[in-house]
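Asker: how would this look folded up:
(chains A and B)
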Amino acid sequence: MILPRRRLLTGGAALAGAALLGGCDRFAGTETGRRTLQAGEDATLFVQRLLMSPSTLAREFPEAMISPWFKPNGTIDPPDRAYRALAARKFSDFKLTVDGLVETPLTLSLADLRALPARTQITRHDCVEGWSCIGKWSGVPLAELLKRAGLKPQARFAVFHCADTLEYAGGGLEGGGDGAWLRPEHPGAVRDAYVQLAAADDWGGPPAGEKSGAAESGKDDWGGSDAAPEPEDRRTPIRYYESIDLFDAFAPQTILAYDLNGQPLPVSNGAPLRLRVERQLGYKQAKYVMRVEMVSTLSGTGDGRGGYWEDRGYEWYAGM
Amino acid sequence: MDATTPALDTRETVAPDGRRLIYRHPLVIRLAHWINAAVLLVLLMSGLQIFNAHPALYWGAVSTFDDPALAITSEAGRGGTNRGVVYLGATKFDTTGWLGLSKEAGSEIDRAFPSWATLPAGQDLATGRRWHFLFAWFLVLNGAVYLAYGLASGQLRRRLIPDGDQIRDFGGSVKEHLLLRFPEGEEAKRYNVIQKLTYLAVVLVLLPAMVLAGLAMSPGMDAAWPWLIDLFGGRQSARTVHFIAAGLLVLFVIVHVVLVLVSGVVNNLRGMITGWFSIGKAPR
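Answerer: Here you go, the predicted model:
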């Protein structure tokens, strides 16, 4: 009498469990599901902001704790021709643009940036995948730049436009059979794609001069005058982008770093300039930053969720 | 009984078939139990999804990539076939089919934990994190309700703190457990000493450690509450503790479910669903 009932119960529980978890995956795929799951992020942002003041600092470490190797991740070698040209000239003609909702747009060379007040901090970098490294960053506090540019009252977010293409709008490289192969499933997976890209010598298409009708020039939003030449067809490159709000933009440790461990930033770690937002995860630390755009809403950036990874499901608030 | 804690609900009745029923679990505890069970399942499976993004554990502040404390990976085996392996320090275990290399929709893939154990089933760190962090909130809120009620009602103290005679007869309780002999009658009205200590450890040590280690992995919380990370000796240590605590919780759940099954599954389930638990035939 007990046995069949027991079997029924355990069998039923297993079945219910399987149905539930299958249902979970379906639920997460719907718009309602996405919104519901996002409630965790909203709660976390709300509570963490209650616990923090604008000047709350992430821990800074002694020199002895600096990781011998600072693991580069995401893009480690941008395939973009314009970027490669800048890198070949050791970023001597690099210019950072600060614009959008500011009183005075700025254009700054690396020398200009190095002449501004600097901050050096030894902090822990936490990748969304789970690993951590400690590095020493030197750079100019973002607050310095924003004070010089002067924010318009509507400015709410700083958007960082980067030089590195991660994929092409509308499905990437069709030749691969799997159209979206360049689009990684998570930040770590991008690395393998780029190792392959870097190995493919002529991946970048014809040099700038030989190129006609650059259809993507309108989308070249990091402000370079020479539109980044892309492979011959009309695909639109999607370059990395990130955003933070003013709370983080004016945090003392939020800097645009040009040095890592006392040396100019290597290409693999985001040369010539990368963002450090120390109270958040690694994917917020945009590399290859070309332009800081102040905006009132994130709806006009990418798909509207504030960052490349955010548009692919990751949290915008990565204080976690 | 002191004046501040209300009396426990110790109603008793006799079922039509002559069994003595006691009111064992109040509604709040029953709800908290089942919510906890569902929430922990989602947290475990989404946690394994998150772990899969970097299936290695370290000790200290940072990752020492060449020298993990534990790593789950796949490598080429003899004859050109890939094998799933787990490294515990320098010791290697072949775990093909389960860890490191497993089948998903019929084909073998490199994956630390197999797809049937993760939420979502396929590799999807972003969605796994969404599930994990939303349900972490549910865990904390549910746990807070449980603890507040347990303390205020006296349930925690009276049902989970071992009585003096139980501590003196600890050895006897171990023996009864091993022989799978379960008490009836008056003695079945209270948990045995191993049960009490285990529940206390899970409720007051393991689950709080789990939550704290999880919070310690948050760069925002580390900035707001720097003592968090010091509890564990670094973020990577906290991640390792989080993983070990998850393993201990799984172990607890397995033992818990086995004991529920062998000590009268219907009675136990009735107890946790309706509150009423049979302690055996009433004396005639």
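
Asker: quick check: closest non-adjacent residue to the one residue in chain B that gets nearest to chain A.
Answerer: Distances between chain B and chain A by Cβ to the nearest Cβ are smallest at residue B:220, namely 2.6 Å. Heads up, the C-betas are built off the backbone N, CA and C, glycines and all. Distances taken as Cβ to Cβ, 6 or more residues apart in numbering or on different chains place residue A:319 nearest to residue B:220, at 2.6 Å, with adjacent residues excluded.

Asker: I'd guessed the one you found sits against residue A:43; true?
Answerer: No: with contact defined as Cβ atoms under 8 Å, residue A:319 does not reach residue A:43; the gap is 12.0 Å.

Asker: out of these two, which sits in the more crowded spot?
Answerer: residue A:319 (26 against 16; other Cβ atoms under 10 Å in any protein chain shown).

Asker: next one: phi and psi at the more buried one?
Answerer: phi -80, psi -20 (degrees, to the nearest 10).

Asker: show me what contacts the nearest residue to residue B:65 once chain neighbours are set aside?
Answerer: The shortest distance from residue B:65 to any non-neighbouring residue, by Cβ to Cβ, 6+ apart, is to residue A:71 (6.7 Å). Shown in contact with residue A:71 (Cβ atoms under 8 Å, 6 or more residues apart in numbering or on different chains): A:127, A:131, A:133, B:63, B:65.

Asker: just the buried residues of the residues you listed.
Answerer: A:127, A:131, A:133, B:63 (16 or more other Cβ atoms under 10 Å in any protein chain shown).

Asker: if I look at the second one, how far off is residue B:68?
Answerer: According to Cβ to Cβ, to the nearest Å, residue A:131 and residue B:68 sit 10 Å apart.

Asker: what sits in contact with each of the two?
Answerer: B:56, B:58.

Asker: need phi/psi at the closest residue to residue B:130 other than its chain neighbours.
Answerer: The shortest distance from residue B:130 to any non-neighbouring residue, by Cβ to Cβ, 6+ apart, is to residue A:37 (3.8 Å). Per-residue torsions, residue A:37: phi -60, psi -30 (degrees, to the nearest 10).

Asker: run a quick neighbour tally on residue A:37.
Answerer: Residue A:37 has 22 nearby residues by other Cβ under 10 Å.

Asker: do you know the pLDDT at it?
Answerer: Looking at residue A:37, its pLDDT reads 93.

Asker: again with residue A:185
Answerer: At residue A:185, the pLDDT recorded in the model is 48.

Asker: repeat for residue A:317
Answerer: 98.

Asker: shouldn't it be in contact with residue A:41?
Answerer: Yes: because the distance of 5.6 Å satisfies Cβ under 8 Å, residue A:317 is recorded as touching residue A:41.

Asker: quick one, what contacts the closest residue to residue B:61 other than its chain neighbours?
Answerer: Take residue B:61 and drop its neighbours on the chain: the residue closest to it by Cβ to Cβ, 6+ apart is residue B:234, 3.6 Å away. For residue B:234, the contacting residues are B:59, B:60, B:61, B:62, by Cβ under 8 Å, 6+ apart.

Asker: I'd like those as JSON lines, with neighbour count appended.
Answerer: As requested, the contacts of residue B:234 are exported to JSON lines (neighbours: other Cβ atoms under 10 Å in any protein chain shown):
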{"residue": "B:59", "neighbour count": "18"}
{"residue": "B:60", "neighbour count": "16"}
{"residue": "B:61", "neighbour count": "21"}
{"residue": "B:62", "neighbour count": "25"}
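
Asker: narrow these to those in strands?
Answerer: Per DSSP state E, strands hold no members of these.

Asker: which residues in the chain form helices?
Answerer: In the absence of a named chain, this looks at chain A. A:2-29, A:31-51, A:81-88, A:110-115, A:142-149, A:190-199, A:246-249 (DSSP state H).

Asker: wait, chain B was what I had in mind.
Answerer: Using DSSP H, helices in chain B cover B:27-52, B:125-153, B:155, B:164-168, B:170-178, B:193-200, B:207-216, B:219-224, B:227-232, B:235-262, B:265-274.

Asker: quick one, strands of the stretch 201-320 of chain A?
Answerer: A:237-245, A:255-260, A:263-264, A:274-276, A:289-295 (DSSP state E, counting those that start in this stretch).

Asker: residue of chain A nearest chain B, please.
Answerer: residue A:319 (2.6 Å).

Asker: give the full set of residues in contact with that residue.
Answerer: A:44, A:45, A:48, A:279, A:280, A:281, B:218, B:219, B:220, B:221, B:223.

Asker: switch the cut-off to 6 Å
Answerer: By Cβ atoms under 6 Å, 6 or more residues apart in numbering or on different chains, the residues touching residue A:319 are A:48, A:279, A:280, B:220.

Asker: what do you get for residue A:240?
Answerer: A:162, A:164, A:166, A:308.

Asker: how far away is it from residue B:130?
Answerer: 22 Å.

Asker: and the lengthiest strand in chain A, which strands flank it?
Answerer: Ranked by number of residues, the top strand in chain A under DSSP E is strand A:157-168. Sheet pairing of strand A:157-168 (DSSP bridges) gives strand A:237-245 (antiparallel), strand A:289-295 (antiparallel).

Asker: residue A:79 - how many residues pack around it?
Answerer: 23.

Asker: quick one: pLDDT of it?
Answerer: Reported pLDDT for residue A:79: 92.

Asker: how far away is it from residue A:91?
Answerer: 17 Å.

Asker: what count of nearby residues applies to residue A:51?
Answerer: Neighbour tally, residue A:51, other Cβ under 10 Å: 13.

Asker: how about it: what's its closest non-neighbour residue?
Answerer: That would be residue B:224: by Cβ to Cβ, 6+ apart, it lies 3.9 Å from residue A:51.

Asker: so what's the one you found up against?
Answerer: Here residue B:224 is in contact with A:51, A:52, A:56 (criterion: Cβ under 6 Å, 6+ apart).

Asker: okay if I get the residues you listed as JSON lines plus pLDDT?
Answerer: Below are the contacts of residue B:224 laid out as JSON lines (pLDDT from 0 to 100):
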{"residue": "A:51", "pLDDT": "97"}
{"residue": "A:52", "pLDDT": "96"}
{"residue": "A:56", "pLDDT": "97"}
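
Asker: out of the residues you listed, who's nearest residue B:242?
Answerer: Of all the contacts of residue B:224, residue B:242 sits closest to residue A:51, with 20.3 Å by Cβ to Cβ.

Asker: ok, now how distant is residue A:290 from residue A:99?
Answerer: 11 Å.

Asker: when those two are compared, which one has more neighbours?
Answerer: Comparing residue A:290 with residue A:99 by other Cβ under 10 Å, the one with more neighbours is residue A:290, at 25 against 15.

Asker: and the most centrally placed residue in chain B, what pLDDT?
Answerer: Residue closest to the average C-alpha location in chain B (Cα atoms, centre = their mean): residue B:249, at 2.8 Å. Listed pLDDT for residue B:249 reads 98.

Asker: could you do the one 10 residues further on as well?
Answerer: According to the model's per-residue confidence, residue B:259 sits at a pLDDT of 94.

Asker: that one: how many residues sit nearby?
Answerer: 17.

Asker: same question, residue A:150
Answerer: So residue A:150, with other Cβ under 10 Å, has 14 neighbours.

Asker: OK, contacts around the residue nearest in space to the middle of chain A?
Answerer: By Cα atoms, centre = their mean, chain A has its centre lying nearest to residue A:286, at 4.1 Å. By Cβ under 6 Å, 6+ apart, residue A:286 lies in contact with A:160, A:162, A:242, A:275.

Asker: next one: residue A:139
Answerer: A:255, A:256, A:257, A:258.

Asker: the second one touches residue A:138, doesn't it?
Answerer: No: with the criterion set as Cβ atoms under 6 Å, residue A:256 and residue A:138 do not qualify as a contacting pair; they are 10.3 Å apart.
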